[in-house]
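Chemist: Provided below for reference: sequence and predicted model.
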Amino acid sequence: MARTALHDNVLDALGERIVSGALAAGTVLTLDVIDSEYDVSRSVSREAVRVLASMGMVASRQRVGVTVQPRTSWRVFDPRLIRWRLDSEDRVAQLRSLGELRSGFEPVAAGLAAVRATPEQCGALATAASDMVVHGRSGDLAAFLAADVLFHQLVLEASGNEMLAALDGVVAEVLTGRTHHHLMPAHPKDEAIDLHVEVARAVRSGDAVAARAAMAAIIEEATVAVTDGNTDVRTDADSGPESTNVG
């Protein structure tokens with residue numbers, strides 16, 4: 001197995017155990033224990049610990065070891081941490097928190113995009129929205145997800161604000177995680193897709209108020225869909241022809 005794959009496996013395993021509480025705050029590990037438990041070299045263990053430390057999830061000190069840190073220290077915007085939390089029993093709380101976060105910055109980004117987007121960005125946004133329509137109707141969820149992620153990334157980029165654009169990884173993990181956990185059935189709700197088309201049109205026409213309103217509606221519907229009444233993870237067999245919200 002390639003070294004990169006080994007590193008990712010160990011990083012994911014440790015990260016998921018910390019998020020789940022299996023490795024509670026205050027737990028002390030050693031590199032020797034990590035080496036032995038995951039049957040990896042010291043360099044792989046050390047790199048995994050380094051990444052976790054950069055995320056605020058552990059602190060490494062000589063003669064002490066690797067200490068798991070409390071949640072208040074975690075870098076909660078890190079896409080990997082978001083993914084681990086979405087894979088845990090903390091999923092609904094994480095989705096709710098992320099929905100509240102998105103409602104604070106994505107409508108703002110859409111409004112700014114209506115003022116600042118270039119003709120090329122407007123065209124790309126319209127294409128992404130059109131692709132969502134096509135793939136939503138066909139039930140190609142992989143292609144639909146790609147178009148949905150691209151759409152939201154384009155809005156953030158078109159805002160012309162580099163700090164908003166840097167949040168694209170947060171949004172991508174939300175959308176990807178929701179699909180991964182089967183919260184997206186075969187046919188996304190037409191009304192929700194239409195809101196994406198409305199955002200694209202508002203941005204192209206320079207209507208900041210309409211762009212903000214449509215984006216706010218997208219996020220509100222998506223958040224409600226996955227936190228109110230849709231908190232149970234569906235299996236593939238459960239994902240039937242019913243429709244749900246997208247965002």
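Modeler: Right, received. Where do you want to start? Residues are numbered from 1 along each chain as shown.

Chemist: element containing the spatially most central residue of the chain?
Modeler: The centroid of the chain falls nearest to E173 when counting by Cα atoms, centre = their mean (1.8 Å). E173 belongs to helix 168-180 when assigned by DSSP states H and E.

Chemist: who's in contact with that helix?
Modeler: With contact meaning Cβ atoms under 8 Å, 6 or more residues apart in numbering, helix 168-180 is reached by 77, 79, 82-83, 86-87, 91, 95, 98, 101-102, 106, 141, 145, 148-149, 152-153, 156-157, 184, 222, 226, 247. No exception for glycine: its C-beta is placed from N, CA and C like everyone else's.

Chemist: In three-state terms, how would the residue lying farthest from the centre of the chain be classified?
Modeler: Going by Cα atoms, centre = their mean, the residue of the chain most distant from its centre is R63, 36.9 Å out. On the three-state scheme (DSSP: H, G, I helix; E, B strand; the rest coil), R63 is labelled coil.

Chemist: ok, and for the helix holding E173, which residues are buried?
Modeler: Within helix 168-180, the residues scored as buried using 16 or more other Cβ atoms under 10 Å are D168, V170, V171, A172, E173, V174, L175, T176, G177, R178, T179.

Chemist: and the residues you listed as TSV, adding pLDDT and distance to S36?
Modeler: Below are those laid out as TSV (pLDDT from 0 to 100; distance: Cβ to Cβ, whole Å):
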residue	pLDDT	distance to S36
D168	96	38
V170	94	35
V171	96	39
A172	96	35
E173	93	31
V174	91	36
L175	92	38
T176	92	33
G177	88	32
R178	83	37
T179	82	36
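
Chemist: Since that was my last question, I'll sign off now.
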